[in-house]
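>>> Sequence first, then the predicted structure, then my questions.
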Amino acid sequence: MRKDISEMEHWEFGAGGIANPNSSTLKRYFELIASTLDLSGDIAEFGVSRGSSIVTTGLLLNHYKSNKQILGFDTFEGFPDYSEQDSIERFHELFDSDKISLEHYERVKRNFEYIRSRGSTLTPDQLSNSGNFSNTSFELVKNKINFFGLENRIKLYVGDFTKNLNQKLSGNSLSLVLIDSDLYKSYSSILPTIWANLTSGGYIYLDEYYSLKFPGPRIAVDEFVSFSGAQLTQLPEWQDFERWALCKS
């Protein structure tokens with residue numbers, strides 16, 4: 001099957017396990033694909049999970065007749081160890097230090113009440129609606145990539161994000177990056193290398209900068225901005241959530 005995304009019917013997005021770019025929570029990220037087409041550099045995704053967004057990205061690039069490649073990074077083993085910065089207590093500290101708004105903080109607390117009501121604990125591996133992300137595998141995502149005819153566009157790297165990251169990105173300038181990895185170390189350990197390889201005008205989409213579950217990514221991004229000079233950019237809100245990216249001007 002080699003459908004262009006514009007030819008797919010609505011039900012096919014769900015059946016194929018990919019995102020509808022017009023209604024997905026990642027709508028603002030998918031819009032950045034179009035706005036960065038003229039920039040040199042490929043696209044990278046950190047946190048592939050079950051391949052929904054990376055396959056959608058590939059189909060959009062087909063639609064735009066772009067020759068960009070996509071690099072996907074994931075352990076395909078679920079959550080790694082998390083750090084103290086991922087503790088829910090960090091949300092209290094973020095609010096007390098005026099790093100998040102009262103509205104954000106109140107939404108966090110309401111969300112934690114919901115999580116408790118479904119019988120989950122408030123540890124990082126039980127906060128997500130997707131569990132601990134162990135319900136995936138390299139084979140599952142690779143089969144999905146092949147099914148949509150994207151095997152020549154998407155390259156997957158299996159393992160810890162930071163292991164040999166410089167080597168894997170060597171010679172690959174990046175115009176757009178999606179970080180969707182939930183945890184402090186997953187953000188903090190890769191941001192400097194990604195930024196160094198990002199083309200001027202490019203974006204790093206920060207899926208968890210505004211989160212009701214994971215404080216670590218916001219802490220990691222704020223730390224990175226403080227010493228790198230990177231510019232935090234707020235994108236238009238979508239589905240009642242703030243959407244954020246780093247832009248390399």
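In hand now; what should we look at? What you see is a predicted model; the values in this text were computed from it and never measured.
>>> ok, residue 140 - contacts?
Taking C-beta atoms under 8 Å, 6 or more residues apart in numbering as the contact definition, residue 140 lies against 50-51. C-betas here are computed from N, CA, C, even on glycine.
>>> try it again with 10 Å
By C-beta atoms under 10 Å, 6 or more residues apart in numbering, residue 140 lies in contact with 17, 49-51, 76.
>>> same thing with residue 40?
Per C-beta under 10 Å, 6+ apart, neighbours of residue 40: 68, 173-175, 199-202.
>>> try residue 107
100-101, 210, 212, 240-241.
>>> for it, helix, strand, or coil?
helix (DSSP: H, G, I helix; E, B strand; the rest coil).
>>> Run a quick neighbour tally on residue 76.
Using other C-beta atoms under 10 Å, the number of residues around residue 76 comes to 19.
>>> scratch that, residue 81 is what I was asking about
So residue 81, with other C-beta under 10 Å, has 9 neighbours.
>>> Also residue 56?
The burial count for residue 56: 23, using other C-beta under 10 Å.
>>> Ok, the one 5 residues further on next?
The local packing count at residue 61 equals 22, with neighbours defined by other C-beta under 10 Å.
>>> Check residue 101 too.
With other C-beta under 10 Å as criterion, residue 101 counts 12.
>>> Next: residue 207.
Residue 207, neighbours per other C-beta under 10 Å, totals 24.
>>> which residues does it contact?
Residue 207 neighbours (C-beta under 10 Å, 6+ apart): 25-26, 28-29, 46-47, 53, 178-182, 187, 214, 217, 243-245.
>>> switch the cut-off to 7 Å
Residue 207 is in contact with 178-180, counting by C-beta atoms under 7 Å, 6 or more residues apart in numbering.
>>> Also residue 165?
Taking C-beta under 7 Å, 6+ apart, one finds 190, 193 in contact with residue 165.
>>> Quick check: the gap between it and residue 92.
Distance, residue 165 to residue 92, using C-beta to C-beta, to the nearest Å: 32 Å.
>>> Then residue 7?
49 Å.
>>> Who has more neighbours out of those two?
Neighbours around residue 7 and residue 92, counted as other C-beta under 10 Å, are more numerous at residue 92. The numbers are 15 against 10.
>>> what helix or strand is the more buried one on?
helix 89-96 (DSSP states H and E).
>>> check contacts around the residue nearest to the spatial centre of the chain.
Taking C-alpha atoms, centre = their mean, the centroid of the chain lies closest to residue 180, which sits 2.3 Å from it. Residue 180 makes contact with 46-47, 53, 207, according to C-beta under 7 Å, 6+ apart.
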